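Enquirer: okay, predicted coordinates and the sequence, questions at the end:
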Number of protein chains: 2
Amino acid sequence: MSVRRRGFKEYTRLEDALEIIRSEVNEIGSEKISYQESNGRVLAENVKSKVSVPPFDRAAMDGFALKAEDVFGVDENNPKELKIIGSIETGVSKDIEVGKGEAVEISTGAPMPSGANAVVKVEDTIREDSRVNILSPVSPGENVSSKGEDVEEGQVVMEAGHKIGPAGVGMLANTKNLEVKVKKKPKVGIAATGDELKKPEEELKPGEVVEVNSYTLTAAVHETRGEPIRLEMVPDKKESLRKTLEKAPDFDMLIFSGGTSVGKKDLVPEIISNLGELLFHGIAIRPGGPSAFGMYENVPVFSLAGFPAAALIAFEMIVKPALDIIQGKEDYSERPSVEAILDRGINSKLGRIDIVRTKLIKKEESYTAHPVRVTGSSILRTITEADGFVLVPEESEGFSKGEQVKVELFNRSIQISKQEV
Amino acid sequence: MSVRRRGFKEYTRLEDALEIIRSEVNEIGSEKISYQESNGRVLAENVKSKVSVPPFDRAAMDGFALKAEDVFGVDENNPKELKIIGSIETGVSKDIEVGKGEAVEISTGAPMPSGANAVVKVEDTIREDSRVNILSPVSPGENVSSKGEDVEEGQVVMEAGHKIGPAGVGMLANTKNLEVKVKKKPKVGIAATGDELKKPEEELKPGEVVEVNSYTLTAAVHETRGEPIRLEMVPDKKESLRKTLEKAPDFDMLIFSGGTSVGKKDLVPEIISNLGELLFHGIAIRPGGPSAFGMYENVPVFSLAGFPAAALIAFEMIVKPALDIIQGKEDYSERPSVEAILDRGINSKLGRIDIVRTKLIKKEESYTAHPVRVTGSSILRTITEADGFVLVPEESEGFSKGEQVKVELFNRSIQISKQEV
């Protein structure tokens, strides 16, 4: 009996769906790029330093380079007077030898003169012409960055799988890794299906609706470091859907929205099943339940709901982990979350995971979680108004008002609501 | 007495520094862009819907549209048989009137026929030719999305200051806001200063180091939704620094790195003071203490440390909030954080905020916080190896091993470490 005939009598558990995805999806290949383009990319190999950083012993403070032994035990009442025998500024290497009772004026970052083993900060000194009074002791090595202290030549500084951030870009530059091997950005084809769809720019006739999923999913793929490619809208016809599915090998992933439920026009899972392999259809989550997943010519194919909020939540739950795996992240990356107190109860059905969109309100140091009211899974407002979501697990019937819950965040930073809602 | 002579005897508290920045920095202007380009941008005006969403009453499920009153009280043992008088698919509007004892086969998203007020899911029906048995009751309105249920025409759907995410892009498309007024991206000039600096591509002579700050800060500005412009490296000469400062009016913000401490070549704060207004120099944070801030011709100018890790931390602490304010976010956005147990102690000096870079290790459901060892503020590894940081407040001397601390996260998602460190 086909899924369409029997409806969704069985739903795959989210955990099992992710396990299926994990076992099917392959890591993408790598490419060489410039360190300047590397922010946000995922390393495909360990990065080893080609140089020592810093490349020489240098002053970590502005002040005076000296022998630490000369100033042991000094203080403001018992300063030690040293003779200034020269000065070293950044960018120049000078051949000065510091002897006992001597000091060299030095700038932060300048190479240490030989003989000196520490720097006293300028604040802890009083200078008088060619003499300087040292008011504070230092230990050998104090305020000195020694050669290779940050990184030794040949040392692994970042490992394969690491996502390069701003500091990583600097690390590549600093260690002279001017080119770096990173995972390719997965190319993700996005096809909205449905006879009722019109582009946002077009006039709607009765019964027609605006196609929004290809735009929301494009943005979501961007945020997951993929390269989205919007395809032409596809009518609910087998032949058209087949032609779109056959384009899958041009991409690293293909996402359909719409046509994934159990109605007459819900043909996407059937097409995947006929031409490729359908691995699940229907997940025990809400919204996003009708989602399907399969493989066509070794390319992962997702079939998401046509309702925009359901499509985006399903993206978050099953497509994003797949994009992580493709980019070589063995562990699904975790969403940051905050603990918050529910300001109203949440009801959920046993046996499925409810993804309850939730607004956060900060009061002093604690958060209140305000579940956004939902009347239909079409409702994008439930996401634009929410800061994150509460997952109600399969074995729970919900949470009561006043209970503490974990709110997983959609965005990197929380916009704090001042007013109550 | 100039700062250079007296060293940093006084440091501005971080909170006061942010207050100064907040009082000086002005919001940037706005521009109109396409909804397709709007992801990640900040709204400059309230967005009102130009249409009702959905534009008509429609089925929220595949099944049969009917009068709810016809099937009150039915169940699997006492089904109700209705006559199928037609079918409606998505994308078409049909002139069918559903009477008592009648049903219309309907697809998710298709317009409701007149007379019907609910939809019974296909799973709860058994069809036999032109008759259908209904196995489950529905309430009036059940499985129907009524016109304007998501959004009514004229309703404000997103407010000024809201950061548009993937759902927001869809909301703009859905409400026919094809153009939207957003805050401009602040143009941020970035100038690395220092006689000792060479580009990553160049060979180093003794005493020279690689210039990395313009690359790390470029990436950091990108992540804060600004538009970075890398300027030529500036030698530690008043005339060169003056010329660079005079370029500030080409940008919405200018950032110098290097030359901000109290050494001989630390000329940036002095130049800002001479030609514009220097508002603070020296903040009670570590790293990042030597940072300065001022205004030149109404443009905010930051002077950050030359040491790359210190520059990036100072960016996080004072420049990013300024970029938020420029983009019209009245509240500084908050970093997501996790609570974690320290696996070793942290020492800090009273009177300053210590920003301790910290790795997170997940063990089952809890996190261990592993402070990264620091030997100098130059060390980018302290950031590439860290997931976030612990702030040790001014009035604290640190935390002990085993204490619970809040780790604020650098990145949106946490990369979980499997092994212990």
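Expert: Received it, and whenever you're ready, just let me know what you need. Residues are numbered from 1 along each chain as shown, chains lettered A, B, ... in the order given.
Enquirer: so where's the stretch 301-421 of chain A shaky on pLDDT?
Expert: A:330-334, A:375-378, A:411-421 (pLDDT under 70).
Enquirer: CA atoms only for the top strand by length along chain A, dumped as CSV, please.
Expert: Criterion DSSP state E: the longest strand present in chain A is strand A:353-363. The C-alpha coordinates for strand A:353-363 follow below in CSV (Å, rounded to 0.1, in the frame of the first residue of the first chain):
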residue,chain,number,x,y,z
ILE,A,353,8.8,15.9,19.3
ASP,A,354,7.0,19.3,19.4
ILE,A,355,9.1,22.3,18.3
VAL,A,356,7.5,25.2,20.1
ARG,A,357,8.6,28.6,18.9
THR,A,358,9.4,30.8,21.9
LYS,A,359,10.2,34.4,22.6
LEU,A,360,12.6,35.3,25.3
ILE,A,361,12.1,38.2,27.7
LYS,A,362,14.9,39.2,30.0
LYS,A,363,14.1,40.3,33.5
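Enquirer: name the helices or strands packed onto it?
Expert: strand A:285-286, strand A:337-342, strand A:366-371, strand A:388-392 (3 or more Cβ pairs under 8 Å, 6 or more residues apart in numbering or on different chains; DSSP states H and E). All C-beta spots, glycine's among them, are computed from the backbone N, C-alpha and C.
Enquirer: tell me which of these sits nearest to B:V156.
Expert: For those, the distance to B:V156 is smallest for strand A:366-371, at 18.2 Å, taking Cβ to Cβ.
Enquirer: residues in the stretch 1-150 of chain A within reach of chain B, list them.
Expert: Contact residues (Cβ under 8 Å from any Cβ of the partner chain) of the stretch 1-150 of chain A with chain B: A:6-9, A:35-36, A:39, A:51, A:53-56, A:60-62, A:87, A:89-93, A:105, A:107-111, A:121-123, A:145, A:149-150.
Enquirer: SS state for the nearest residue to A:P79 once chain neighbours are set aside?
Expert: Closest residue in space to A:P79, ignoring its immediate chain neighbours: A:N133 at 4.1 Å, by Cβ to Cβ, 6 or more residues apart in numbering or on different chains. Here A:N133 is recorded as strand under DSSP: H, G, I helix; E, B strand; the rest coil.
Enquirer: what's the neighbour count on A:N133?
Expert: Close neighbours of A:N133, defined as other Cβ atoms under 10 Å in any protein chain shown, add up to 15.
Enquirer: now do the one 4 residues further on
Expert: When neighbours are defined as other Cβ under 10 Å, A:P137 has 18 of them.
Enquirer: for it, give me the pLDDT.
Expert: You'll see A:P137 listed with a pLDDT of 96.
Enquirer: what sits against the residue nearest to A:P79?
Expert: If a contact means Cβ atoms under 8 Å, 6 or more residues apart in numbering or on different chains, then A:N133 has A:P79, A:K80, A:E81, A:T125, A:I126, A:R127 as its contacts.
Enquirer: repeat that for 10 Å
Expert: A:N133 makes contact with A:V74, A:E76, A:P79, A:K80, A:E81, A:L82, A:D124, A:T125, A:I126, A:R127, according to Cβ atoms under 10 Å, 6 or more residues apart in numbering or on different chains.
Enquirer: now do A:G258
Expert: So A:G258 contacts A:191-197, A:211, A:213, A:233-234, A:236, A:265-268, A:290, A:303-307, A:311, B:90, B:108-109 (Cβ under 10 Å, 6+ apart).
Enquirer: of the residues you listed, which belong to helices?
Expert: Counting by DSSP state H, the contacts of A:G258 place A:N213, A:V268, A:A311 in helices.
Enquirer: distance of A:E10 from A:D150?
Expert: Going from A:E10 to A:D150 by Cβ to Cβ, to the nearest Å gives 56 Å.
Enquirer: same thing with A:A167?
Expert: Using Cβ to Cβ, A:A167 is found at 12 Å from A:D150.
Enquirer: shared neighbours, these two?
Expert: A:N174, B:P308, B:A309, B:I379, B:L380, B:R381, B:T382.
Enquirer: of all these, which comes closest to B:E15?
Expert: Distances from B:E15 to the shared contacts of A:A167 and A:D150, taken by Cβ to Cβ, are shortest for B:A309, at 22.5 Å.
Enquirer: what kind of secondary structure is that closest one in?
Expert: helix.
Enquirer: just checking, it touches B:G288?
Expert: Yes: assessed by Cβ atoms under 10 Å, B:A309 is found in contact with B:G288 at 8.9 Å.
Enquirer: count of residues packed around A:N77?
Expert: Neighbourhood size, A:N77 [other Cβ under 10 Å]: 6.
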